[in-house]
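Novice: A predicted structure for the sequence below; I have some questions about it.
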Amino acid sequence: MTELLRRMTAPRFDLRPQERTLAWRLHVDIPLLFALFLVSIAGLFVLYSATGEDLDAVINQSLRLTVGFVVLLVFAQIPPRTFSRWALPVFIFGSVLLVLVLFFGVVVNGAQRWLAIPGLGRFQPSEIMKLSLPIMAAWYFTMRSLPPRLLDIGISLVIIAIPVALIGTQPDLGTAILVGMAGIIVLFFAGLSWRIISLAGVLAVIAVPMMYLFVLQDYQRRRIDTLFNPEADPLGAGWNIIQSKIAIGSGGLMGKGWLNGTQSRLDFLPESSTDFILAVIGEELGLIGIVVLLLLYLFIIARGMFISMHASDTFGRLLGVSLTLTFCIYVVVNMGMVSGLLPVVGVPLPLVSYGGTSAVTLLAGFGILMSIHTHRRLLPP
């Protein structure tokens, strides 16, 4: 960990005259942008089949993705020091919005996660925290000496716990996990010693059964129980996982062909256009389709890590790593829950699942990542 910290905080030298290119002047990273675009286009084709050839849904998703890429370009123009300067005010603003959700939030399907703005509709304040918390955590550690002291670790854990607790009470376990992990990633790469990491692992093992018994709600405990034995309630809680496995398994190596799926198109597979859209890919495009998508995701993650490790300062490196690995967690959690390896927690497949808020937030994060890459200071050798 000490060696990793040394590499991340060491000064970087960029001797290439990259600012001559158009992409550099526009503050975009072409390989990363192209990979994100490919995943988005592939997602639209899959969505067309998953929704039963509903062209309106594809058009709506296309508009949302367009907004997301515009936000990406806008965020890419903002220098990282500006994000650092606004880290604390935006974090406080987002936390206040989460508190307002508890009192004035709109309830949908038993969950109180949205605020209604007259004339603009509903929005989910927790999405702000997916970006605000890692920015806040990276800013906090940039202001401290690294590796962090115990006091700094304690304060950072409080910073992370505030939005996680507020989001968890909505309840929104999936988003709470993603937001919490974004902060923990920054803490980890700030230079935690392996002694502290080992102690945290032991405490986590002790805390898990206590959380299961006294913190999780009944429906959340049922999701965990269903993970280990979905056949116990095949027509109820286990239905999603069972049908998802059937869809993926029936696709085999090559799949049944685009638009030829049966589990989704005959409505056996619930949430086929959102959380379980990976099962549609497995059924129609087979293992090959899933592997191609996974390779695209891996390229995006690898490119994000490359950009992060070559940032010119500690803030950029910590923030870039957090944004990249949070995207990785999206992919792992969704694929894990669709294949029955993880509990169902409502995490969409990035840039493929139907829905605009999550896609816009993810693309905004990649805009910040491109800003970190293209606003590097050119240092002399």
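Specialist: Arrived safely.

Novice: next up, the contacts around the residue nearest to residue 242 when sequence neighbours are not counted.
Specialist: Spatial nearest neighbour of residue 242, chain neighbours left out: residue 230 (5.3 Å); criterion: Cβ to Cβ, 6 or more residues apart in numbering. Where you see a C-beta, it was placed from the backbone N, CA and C, and this is true even at glycine. Listed by Cβ atoms under 8 Å, 6 or more residues apart in numbering, the contact partners of residue 230 are 237-238, 241-242, 340.

Novice: tell me how far residue 230 lies from residue 340.
Specialist: According to Cβ to Cβ, to the nearest Å, residue 230 and residue 340 sit 7 Å apart.

Novice: what residues are shared contacts of these two?
Specialist: Common contacts of residue 230 and residue 340 (Cβ under 8 Å, 6+ apart): residue 241.

Novice: show me what the strand or helix carrying residue 36 is packed against.
Specialist: Using DSSP states H and E, the element containing residue 36 is helix 30-50. Other helices and strands packing on helix 30-50, by 3 or more Cβ pairs under 8 Å, 6 or more residues apart in numbering; DSSP states H and E, are helix 55-76, helix 277-309, helix 357-374.

Novice: so of those, which one's packed in deepest?
Specialist: Among the helices and strands packed on helix 30-50, helix 357-374 has the highest mean neighbour count (mean count of other Cβ atoms under 10 Å), at a mean of 24.

Novice: just give the nearest non-adjacent residue to residue 356, would you?
Specialist: Leaving aside its chain neighbours, residue 356 sits nearest to residue 64 (3.2 Å; criterion: Cβ to Cβ, 6+ apart).

Novice: ok, that neighbour - contacts?
Specialist: The contact partners of residue 64, taken as Cβ under 8 Å, 6+ apart, are 355-356, 359-360.

Novice: which among those residues gets closest to residue 146?
Specialist: Nearest to residue 146 among those is residue 360, at 32.4 Å by Cβ to Cβ.

Novice: would you mind measuring from the residue lying closest to that closest one once chain neighbours are set aside to residue 350?
Specialist: Nearest residue to residue 360 in three dimensions, chain neighbours excluded: residue 68, at 4.3 Å (Cβ to Cβ, 6+ apart). Distance of residue 68 to residue 350, computed by Cβ to Cβ: 11 Å.

Novice: what's the answer for residue 148, then?
Specialist: Distance check for residue 148 against residue 350: by Cβ to Cβ, it reads 30 Å.

Novice: burial of the spatially closest residue to residue 57 that is not a sequence neighbour, as a residue count?
Specialist: Among residues not flanking residue 57 along the chain, residue 51 sits closest, at 4.5 Å (Cβ to Cβ, 6+ apart). Residue 51 has 20 neighbours, counted by other Cβ atoms under 10 Å.

Novice: quick one, what contacts residue 51?
Specialist: 57-58, 272-273, 354 are the contacts of residue 51 under Cβ under 8 Å, 6+ apart.

Novice: now do residue 359
Specialist: Residue 359 neighbours (Cβ under 8 Å, 6+ apart): 40, 64-65, 68, 350-351.

Novice: closest one of these to residue 318?
Specialist: Nearest to residue 318 among the contacts of residue 359 is residue 350, at 21.4 Å by Cβ to Cβ.

Novice: tilt between the helix holding residue 36 and helix 357-374?
Specialist: Relative orientation of helix 30-50 versus helix 357-374 (axes from the mean of the first three to the mean of the last three Cα atoms, to 10 degrees): 170 degrees.

Novice: tell me which residues touch residue 225, please.
Specialist: 232, 237.

Novice: what angle do the longest strand seen in the chain and helix 357-374 make?
Specialist: Secondary structure of the chain per DSSP state E: the longest strand is strand 111-117. Between strand 111-117 and helix 357-374, the angle comes out at 70 degrees (the same axes, to 10 degrees).

Novice: paired strands for strand 111-117, with orientation please.
Specialist: Here strand 111-117 has these sheet partners by DSSP bridges: strand 106-108 (antiparallel), strand 121-123 (antiparallel).

Novice: what's the closest of those to residue 192?
Specialist: strand 121-123 (34.5 Å).

Novice: what's the average pLDDT for that closest one?
Specialist: Taken as a whole, strand 121-123 has a mean pLDDT of 72.

Novice: could you point out the helix or strand that follows it?
Specialist: For strand 121-123, the succeeding helix or strand toward the C-terminus, using DSSP H and E, is helix 126-142.

Novice: quick check: what element follows that next one along the chain?
Specialist: Using DSSP H and E, the first helix or strand after helix 126-142 is helix 150-168.

Novice: and that next one, what's buried?
Specialist: Neighbour-count burial for helix 150-168 flags 152-153, 156, 159-160, 162-164, 166-168 (criterion: 16 or more other Cβ atoms under 10 Å).

Novice: redo those as TSV? Include pLDDT and distance to residue 329.
Specialist: Below are those laid out as TSV (pLDDT from 0 to 100; distance: Cβ to Cβ, whole Å):
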residue	pLDDT	distance to residue 329
152	90	24
153	90	21
156	92	19
159	94	19
160	94	15
162	93	20
163	93	16
164	93	14
166	91	20
167	91	15
168	86	16
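
Novice: fine by me, we can end here.
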